[in-house]
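Undergrad: return atomic coordinates for the entry below.
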Amino acid sequence: MQSVTDFTPAQSDDIHKHRKESSFRRQLSLVDLSDGEEIACVRFYGNGERSYCCAWFHKNKQHARGSGWAGGYGYHKDSAAMQSALNVAGWRFAEPFDGVGETGERGALEAIARWFDIPAFAIIKAHG
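TA: Residues are numbered from 1 along each chain as shown. As a prediction, the model looks like this:
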């Protein structure tokens, strides 16, 4: 089971470089079911050769954002881009999940929910 080892909220000013609205593919939202608040918004963009990820976090008056990208072939680029974006936003995890797929992405969001002590949450996936 994935776990967060540290969170020092960071605010990347480079997020606009990776936000490619014309190539939006999907979004993952972490929602606190006790109040309906969206805790995390993770968006994926890309053209096949590269995957870009932008992530925003809001909880307990803590705000963070980050972005990253991954390129090449032979691995799951979205999860690699997501780990990069979350690292930029200040998240550190016990296990790397870059390149392992959607299971790793979900595991990271579940770990974030546990970090914030959210007992009931949902991870909502939307496609572009």
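Undergrad: rest of the way, CA atoms for contacts and neighbours
TA: Noted.
Undergrad: E38 belongs to a strand?
TA: Yes. Counting by DSSP: H, G, I helix; E, B strand; the rest coil, E38 falls inside a strand.
Undergrad: for it, what are its contacts?
TA: 29-32, 58 (Cα atoms under 8 Å, 6 or more residues apart in numbering).
Undergrad: can you flag the buried ones in those?
TA: Buried subset of the contacts of E38 (neighbour count, 16 or more other Cα atoms under 10 Å): 29-32.
Undergrad: for the contacts of E38, which one is nearest F7?
TA: Nearest to F7 out of these is H58 (Cα to Cα; 12.5 Å).
Undergrad: wait, isn't the closest one in contact with C41?
TA: No. Shown here, H58 and C41 do not form a contact pair, counting by Cα atoms under 8 Å, at 9.1 Å.
Undergrad: ranges for the strands of the protein?
TA: Assigned by DSSP state E, the strands in the chain fall at 4-7, 24-32, 37-46, 50-59, 62-71, 91-93, 121-127.
Undergrad: given the last one, what are its sheet partners and their directions?
TA: Under the criterion DSSP bridges, strand 121-127 sits next to strand 24-32 (antiparallel) in its sheet.
Undergrad: alpha carbons of the strand it pairs with, as PDB, please.
TA: Only the C-alpha atoms of strand 24-32 are listed here, as PDB (Å, rounded to 0.1, in the frame of the first residue of the first chain):
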ATOM      1  CA  PHE A  24      -6.600  17.200 -22.700                       C
ATOM      2  CA  ARG A  25      -7.100  13.500 -22.200                       C
ATOM      3  CA  ARG A  26      -8.400  12.800 -18.800                       C
ATOM      4  CA  GLN A  27      -8.700  14.000 -15.200                       C
ATOM      5  CA  LEU A  28      -8.600  12.400 -11.700                       C
ATOM      6  CA  SER A  29     -10.300  14.100  -8.800                       C
ATOM      7  CA  LEU A  30      -9.900  13.200  -5.200                       C
ATOM      8  CA  VAL A  31     -13.200  14.200  -3.400                       C
ATOM      9  CA  ASP A  32     -13.800  14.200   0.300                       C
END
